[in-house]
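> Here is the input, now give the coordinates:
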Amino acid sequence: MADRGVRGEEPLNREPKISKLASVSITEDGYERNHCVQPAAEQLNARTHSVQVDGAVKEPLNLSITSLRTDFPQHEVICALQCPENRRHGMRTLVKEVQGIDWVNGAVMNCRWRGPLLKDVLGKAGIADSVEQEGTHVAFTSFQVKCQEDSWYGASIPLSRALDPDKEVVLALERNGKPLTIRHGYPVRVITPGVEGAKSVKWLDKITVQKEESPNYYMQRDYKTPLPQAVDSETAEKYWGVTPPMQEMPVNSVVVSPRKGDTVKRNEEGKVVCHGYALPSGDGGSVVKVEISADGGLTWSEAALEQHEGEGKWAWKFWRASVNMAPGNSGTILSKASDASGQTQSAVSPWNLKDVCYNGFGEARDLTVE
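Got it, this is the predicted structure:
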């Protein structure tokens, strides 16, 4: 299937062409996933914008962008931000129909994000003495634009994650060494490494420490994996309230080249060169292995992993391999990633109505081998 790029115009939903996306380790042209139109340029101003910190804190704060930049240590983290709907086309075509935009493999970006750690901002506000970490959440809110299914956009993560320095949750002011653009959350957005991208709220207005998850529609009725018995919108109704929102992402990999339907040439050794990217699970540590199969998964060989400066455990990994393939039609290359925690891709993900977190084997099918 060819990369189609734009998945929706208003609001804009777009993924870059996969060959361009995976041509460099640090992404410049990242995907765009929106549930609302982008705020107008005149609506957002770094000189006047502020972020309110409230809820179960000792001292509510109202922080300007200047304060976020100068009153706290600045932290840089390289991480892959990914839409949980990435690879939805795989579930739709390999298993059965699902609801939602038909994302292929490009709803992911690997960037350098810089700004104060959320734990430092919450440290300045002080968590109320009565708060127990278990069951408490930190909610992020943007009131800038009305969404398709709610009047505002919001999400939340557990307080324990927000306060853990190893989780590196950042209030990002910069992306790849430059101020954020509006399409990527200017003037400030949350970045939650290892957590699905819908929690990395753009155009951030407010941070609230509270006993419950964010009540926003997209937290409560969208980015969840209801039981397989939820086969349509009607049958899903009784499951939304008892299905926890997604947080961490699963280990994953994608074959970037060749693509489905390509004609490929073998080299002098009778092998086909292939490459792609792999993503770690939420807290599973770096991708440590990618295996490739050209015989439907009967045998596997290990791919070479590229190393990039400063990448750390949240970053994607590029892989490259050469596999033996006989001449003919209907050739298939599969990829399977494993991370430091031992988590590994399975052949196909369990079906869910929204098809979030699809992580079946990466694949390039219907290859003509010459």
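> and the helix or strand where Lys124 lies, what other elements does it pack with?
Using DSSP states H and E, the element containing Lys124 is helix 118-125. The contact analysis (3 or more CB pairs under 8 Å, 6 or more residues apart in numbering; DSSP states H and E) places helix 118-125 against strand 50-55, strand 61-64, helix 159-163, strand 170-172, strand 206-210. Just so you know, the C-beta spots here come from the backbone N, C-alpha and C atoms, and that holds for glycine as well.
> what lines up beside the second one in the sheet?
Note on strand 61-64: by DSSP bridges, its sheet partners are strand 50-55 (antiparallel).
> With only the CA atoms kept, save the partner strand in CSV.
Output in CSV follows, covering the C-alpha atoms of strand 50-55 (Å, rounded to 0.1, in the frame of the first residue of the first chain):
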residue,chain,number,x,y,z
SER,A,50,0.9,30.8,31.3
VAL,A,51,0.4,27.3,32.8
GLN,A,52,-1.6,27.0,35.9
VAL,A,53,-0.7,24.3,38.5
ASP,A,54,-3.5,23.5,40.9
GLY,A,55,-5.4,20.7,42.6
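> Show the average pLDDT along that strand.
Confidence for strand 50-55, expressed as mean pLDDT, is 98.
> tell me which residues in it are buried?
Neighbour-count burial for strand 50-55, counted by 16 or more other CB atoms under 10 Å, picks out 50-51, 53-55.
> quick one, which of the helices and strands packed on helix 118-125 is nearest to Lys265?
The closest of the helices and strands packed on helix 118-125 to Lys265 is strand 170-172. By CB to CB, the value is 43.0 Å.
> Give me the residues contacting that closest one.
Residues from elsewhere that reach strand 170-172, judged by CB atoms under 8 Å, 6 or more residues apart in numbering: 51, 68, 75, 77, 113-118, 121, 180, 185, 188-191, 204.
> Mind checking which of those residues are in strands?
Applying DSSP state E to the contacts of strand 170-172, the entries found in strands are 51, 75, 77, 113-116, 189-191.
> In TSV: those residues, plus distance to Arg161.
Converted to TSV, the ones in strands among the contacts of strand 170-172 look like this (distance: CB to CB, whole Å):
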residue	distance to Arg161
Val51	19
His75	15
Val77	14
Trp113	16
Arg114	20
Gly115	17
Pro116	16
Arg189	17
Val190	12
Ile191	13
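> Which pair of those spans the longest distance?
Greatest spatial distance in those: Val51 and Val77, 18.8 Å, computed using CB to CB.
> Which pLDDT value goes with the closest residue to Val188 other than its chain neighbours?
Sequence neighbours aside, Leu204 is the residue nearest to Val188 in space, at 5.0 Å (criterion: CB to CB, 6 or more residues apart in numbering). Per-residue pLDDT puts Leu204 at 98.
> Run a quick neighbour tally on Leu204.
Leu204 is flanked by 24 other residues according to other CB atoms under 10 Å.
> before we move on, what about Lys211?
Lys211, neighbours per other CB under 10 Å, totals 12.
> if I look at it, how far off is Ala56?
7 Å (CB to CB, to the nearest Å).
> How about Lys206?
According to CB to CB, Lys206 and Ala56 sit 14 Å apart.
> who touches both of those two?
When CB under 8 Å, 6+ apart defines a contact, no residue borders Lys206 and Ala56 alike.
> Do you have the helices of the stretch 251-370 of the chain handy? List them.
Counting by DSSP state H, counting those that start in this stretch, the stretch 251-370 of the chain has no helices to list.
> how about the strands in it?
Secondary structure of the stretch 251-370 of the chain (DSSP state E, counting those that start in this stretch): strands at 252-257, 263-264, 271-279, 287-293, 301-302, 304-305, 317-324, 328-339, 362-369.
> ok, back up a step: shared neighbours, Lys211 and Ala56?
Joint contacts of Lys211 and Ala56 (CB under 8 Å, 6+ apart) are Thr136.
> Turn the strands of the stretch 251-370 of the chain into a markdown table, columns for mean pLDDT, mean neighbour count and distance to Pro39.
Output for these, formatted as a markdown table (pLDDT from 0 to 100; neighbours: other CB atoms under 10 Å; distance: least, CB to CB, whole Å):
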| stretch | mean pLDDT | mean neighbour count | distance to Pro39 |
| --- | --- | --- | --- |
| strand 252-257 | 98 | 25 | 31 |
| strand 263-264 | 97 | 14 | 45 |
| strand 271-279 | 97 | 22 | 29 |
| strand 287-293 | 98 | 21 | 35 |
| strand 301-302 | 98 | 12 | 46 |
| strand 304-305 | 98 | 14 | 39 |
| strand 317-324 | 97 | 21 | 34 |
| strand 328-339 | 95 | 20 | 36 |
| strand 362-369 | 97 | 19 | 36 |
